[in-house]
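Undergrad: From the sequence below, what's the structure:
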Amino acid sequence: MPRNRLELRIKDYHKSISLEFNIIKDRVRYLIGDSHWGEDGRYKEIILMNVLKKYLPKNFSVGTGFIMNNDDYESISTQIDIIIYENTYPILFKEGDFVVVNSANVVGVIEVKSKFDNSRFESVIKKSEEIGQLINRRIFNGIFYYESNQGVYFEEEEINLNFRNVLQNTVGKVNHIAIGENQFIKFWEEGNPSLNNGNPCMSLYELSNLSFSYFITNCIEITYLLSKDYQDNTDNLGWFLYPIEGTKETQRKNNIEITIR
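TA: Alright, predicted model coming up:
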């Protein structure tokens, strides 16, 4: 019985992360108004960046800027909203949170958006995929939408059909998407373990008030696994990183199999 009470409290703790985002977001909106909040703005990146700084290990830094290819120094990314990089590798340029870094020490990149817009989804995915191809190795590559004015599902409705087609035609570089605080998408390169078929796929989860938390905890785990300071002890943190009893697979709604090009 005490074990169950502990799990309930941990789940509530993770829900409070979504509440934290919403409180900070609303404070900004109260001051600048809804019309300005709808525009792309640096403040959205700063809110997420500051939350990540609280939870990521100290051998990581979080900034915004550009990434140069490790093998081809004439190749450089477009400006990236959030870059997570290791401090154990020299920084090419740093001024405050603005950085130009070598792809060799990048472990994560995130594009930050106000609200999910089906008509712009393909262009957002394309930009994130191009960044992933520039780095050309496994990283945490995420897209973070603060809000969604409608649910997104893998169904045969117009908006969802377009959404499904965009995901189905990805090249497997974008691996985590939060769409508001309730919907979360994860890419399984070697297939979703719960399906036992080994085919690369995107899985959609309905996680009530936990999408933001799962986005962050996946970011923590994956970037740490890629870290030069990695020690094989993350299994002891599973109860904390992923608090849903029976794993989030109990909340999985559907999958899209994709072909890696």
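Undergrad: quick one: contacts for the residue positioned nearest the centre of the chain?
TA: Nearest to the geometric centre of the chain sits Gly142, at 3.3 Å (C-alpha atoms, centre = their mean). For Gly142, the contacting residues are 108-111, 128, 174-178, 215, 218-219, by C-beta atoms under 8 Å, 6 or more residues apart in numbering. Bear in mind the C-beta positions are built from the backbone N, C-alpha and C, glycine included.
Undergrad: Is it part of a helix or strand, or is it coil?
TA: Three-state assignment for Gly142 (DSSP: H, G, I helix; E, B strand; the rest coil): strand.
Undergrad: Run through the bridge partners of it.
TA: Listed by DSSP bridges, the beta-bridge partners for Gly142 are Ile110, His176.
Undergrad: Roughly how far does it sit from Leu92?
TA: 23 Å (C-beta to C-beta, to the nearest Å).
Undergrad: Ok, Lys53 next?
TA: With C-beta to C-beta as the criterion, Lys53 and Leu92 are 21 Å apart.
Undergrad: and what of Asn165?
TA: 38 Å.
Undergrad: quick one: which of these two has more around it?
TA: Neighbours per residue, other C-beta atoms under 10 Å: of Asn165 and Leu92, the larger number sits with Leu92, 15 against 11.
Undergrad: Nearest residue to that one in space, please, no chain neighbours.
TA: The shortest distance from Leu92 to any non-neighbouring residue, by C-beta to C-beta, 6 or more residues apart in numbering, is to Val100 (4.5 Å).
Undergrad: Touching, that neighbour and Met68? I think so.
TA: Yes - using C-beta atoms under 8 Å, Val100 makes contact with Met68 at a distance of 6.6 Å.
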